[in-house]
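A.B. asks: Quick one, structure for this:
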Amino acid sequence: MPSRTTIRLTQPTMTRCSFCKPQMARLYVKGFKLINVDIIIHSQEPTLGPIKTLLRENRSRLLGMTIDRVNVKAKTGEHVGHIGRGEAIACHAVVLLDDGDHRWE
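C.D. replies: Have a look, this model is predicted:
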């Protein structure tokens, strides 16, 4: 089993996102509005619990949202598979978008 890893984030690492900003611009051009984001990070090591609030703050700043609309969950691999052995980290994100057309109302 791998030794406990310490995660240390610096400001440049936390604010860089070569993927998110262009995608957000494309959504806004097409008339979509981001409602909320739910992020699940699967990692046996490092333990992300102590920095979840920091991750939420940075994602909310990056996406231009209030922090109450960004949720970050940390899960372990329960020592099973690549994630459980500490060989990999996975992330899933789900976003709720509003296109402004409320046909269901």
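A.B. asks: Pop out the phi and psi values for the most centrally placed residue in the chain.
C.D. replies: With distances taken as Cα atoms, centre = their mean, the residue of the chain nearest its centroid is Ile39 (4.1 Å). Main-chain dihedrals, Ile39, degrees, to the nearest 10: phi -120, psi 130.
A.B. asks: I'd assumed Ala90 was in contact with it.
C.D. replies: No: contact criterion Cβ atoms under 8 Å: Ile39 and Ala90 do not qualify, at 11.3 Å. (C-beta placed from N, C-alpha, C; glycine too.)
A.B. asks: For stretch 52-70, what is the distance to the chain centroid?
C.D. replies: 9 Å (Cα atoms, centre = their mean, to the nearest Å).
A.B. asks: Okay, buried residues for that stretch please.
C.D. replies: Buried residues in stretch 52-70, defined by neighbour count with 16 or more other Cβ atoms under 10 Å: 55-56, 58-60, 62-63, 69-70.
A.B. asks: what do you get for stretch 30-37?
C.D. replies: In terms of neighbour count (16+ other Cβ under 10 Å), stretch 30-37 has its buried residues at 34, 37.
A.B. asks: For it, which outside residues touch it?
C.D. replies: The contact list for stretch 30-37 (Cβ atoms under 8 Å, 6 or more residues apart in numbering) reads 24, 27, 59, 63-65, 69-71, 93-100.
A.B. asks: Which of those residues fall in helices?
C.D. replies: Using DSSP state H, the members of the contacts of stretch 30-37 that fall in helices are 24, 27, 59, 63.
A.B. asks: Strands - which of the contacts of stretch 30-37 land there?
C.D. replies: 70-71, 93-98 (DSSP state E).
A.B. asks: Narrow these to those that are buried.
C.D. replies: The neighbour count (16+ other Cβ under 10 Å) marks Val70 as buried among the ones in strands among the contacts of stretch 30-37.
A.B. asks: which among the ones in strands among the contacts of stretch 30-37 gets closest to His82?
C.D. replies: His82 has its nearest neighbour among the ones in strands among the contacts of stretch 30-37 in Ala93, at 19.5 Å by Cβ to Cβ.
A.B. asks: where does the closest one land on pLDDT?
C.D. replies: Confidence at Ala93, expressed as pLDDT, is 90.
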